[in-house]
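# All I have is the shape, not the residue letters:
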């Protein structure tokens, strides 16, 4: 019940294309869903996050879509660029459990020029 | 403004030794969390501290311990190191222990 399942494991997209990464969860007590971007040798950097009271959040080229009934959320990267090549992690937490983030397994994105 | 800083950046130890990793949170942040990231996997929660009190603990053995100091910096201690402890240890800070959390670049620990 504490798991967050992420897919695909790896993704190759052409420059200018749309990258889509999906996550699913079981625990309905989760109330915060962030996406982190990690480059080799660096720590995860917070990209964008959503709470379950909204179905979509957009920040620049990054959009989170959230489907509460299906217990799924996804990250869309529009106009993907080679600089977006990194590993992306979805995560979830519940306020009652303070700061504990439960991460997905990660998706390695490669954007080809 | 400085982000979360961790030291050292790299560390090599042998089995059975102990190690201390250090973390300084973002200025104004009172909570620090520790995560272990094994190569190819997502980070796993180890501890959270807020106002020097342990708020949460993940599924890690008692060889792992941590503490938070009055200036909100934190140490993670691991005793009797095993080969399986080789990982990137990440520290994250937040204002009051909830979200959002901001991560440092980690300490890469290698056990020989």
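It's in. Being a predicted model, the structure only gives us computed values, none of them experimental.
# Just checking: what are the partner strands of the lowest-mean-pLDDT helix or strand in chain B?
Ranked by mean pLDDT, DSSP states H and E, the weakest helix or strand in chain B is strand B:53-57, scoring a mean of 91. Strand B:53-57 sits in its sheet next to strand B:44-50 (antiparallel), going by DSSP bridges.
# what sits up against the strand it pairs with?
A:98-103, B:30-38, B:54-58, B:60, B:64, B:66-68, B:74, B:76, B:96-97 (CB atoms under 8 Å, 6 or more residues apart in numbering or on different chains). For glycine as for every other residue, the C-beta is placed from the backbone atoms N, C-alpha and C.
# what's around the residue in chain B that chain A sits nearest to, how many residues?
Minimum separation of chain B from chain A (CB to the nearest CB) falls at residue B:42, amounting to 3.1 Å. Counted with other CB atoms under 10 Å in any protein chain shown, the neighbours of residue B:42 add up to 22.
# That one and residue A:9: what is the separation?
Residue B:42 is 12 Å from residue A:9, where distance means CB to CB, to the nearest Å.
# what do you get for residue A:45?
Residue A:45 is 20 Å from residue A:9, where distance means CB to CB.
# re earlier: can you list residues touching both of residue B:42 and residue A:9?
Common contact partners of residue B:42 and residue A:9 (CB under 8 Å, 6+ apart): A:105-106.
# Nearest residue to the residue nearest in space to the middle of chain B in space, please, no chain neighbours.
The centre of chain B sits closest to residue B:34, judged by CA atoms, centre = their mean, with a distance of 3.4 Å. Nearest residue to residue B:34, sequence neighbours excluded (CB to CB, 6 or more residues apart in numbering or on different chains): residue B:46, at 4.3 Å.
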